[in-house]
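Asker: Quick one, what's the 3D model for this:
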Amino acid sequence: MFETKEYLEDEIILAEGELGKGFCILEEGSVEVIRDNLVLNQIDQKGALFGELSEILMYKRGATVRAKTNARVRHYTDDLETLVEQN
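Answerer: This is a model prediction of the structure:
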C-alpha cells in the first residue's frame, strides 16, 4: 500500500529519530539527507529509494530527509518483506 505526497522546498519528509516504517520512492524533485546540519547526500533521480535502512534494521532514523526543491514522494507503508512477497 502506498500514498503519494507533495512537499514544498525545505519541508521535512522523514525526521531523524522517528522509528522507520516502510520506505519512500522519489517521483519528482530533489531531496537532501541531513544529519547534524550537514548534507550527507542529495537524491534527485526519479525512482530512487530512500528511508529503507531504518525499516530493514528496525532502528530509529539516523538522519532527516528534507525536500531540496518541490518534490513528489511515494510513501510505502508495507514493510519490505510484505512488498517482496506480494510482488
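Asker: in the sheet, who's paired with the closest residue to residue 28 other than its chain neighbours?
Answerer: Leaving aside its chain neighbours, residue 28 sits nearest to residue 72 (4.2 Å; criterion: Cβ to Cβ, 6 or more residues apart in numbering). C-beta here means a position set from N, CA and C on the backbone, and glycine is covered the same way. For residue 72, the beta-bridge assignment (DSSP bridges) gives partners residue 6, residue 28.
Asker: cool, and residue 50?
Answerer: Following DSSP bridges, residue 50 is listed with bridge partners residue 24.
Asker: ok, residue 58 - contacts?
Answerer: Contacts were defined as Cβ atoms under 8 Å, 6 or more residues apart in numbering; by that measure residue 58 touches residue 20.
Asker: Please determine how far it is located from residue 29.
Answerer: Between residue 58 and residue 29 the distance, using Cβ to Cβ, to the nearest Å, works out to 28 Å.
Asker: and what of residue 6?
Answerer: From residue 6 over to residue 29 the distance is 9 Å, taken as Cβ to Cβ.
Asker: intersection of neighbour lists for these two?
Answerer: Shared contacts of residue 6 and residue 29, counting by Cβ under 8 Å, 6+ apart, come down to 70, 71, 72.
Asker: Need these in a markdown table (columns: neighbour count and distance to residue 40).
Answerer: Formatted as a markdown table, the shared contacts of residue 6 and residue 29 follow (neighbours: other Cβ atoms under 10 Å; distance: Cβ to Cβ, whole Å):
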| residue | neighbour count | distance to residue 40 |
| --- | --- | --- |
| 70 | 13 | 21 |
| 71 | 23 | 17 |
| 72 | 15 | 22 |
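Asker: ranges for the helices of the chain?
Answerer: Counting by DSSP state H, one finds helices in the chain at the ranges 52-57, 80-86.
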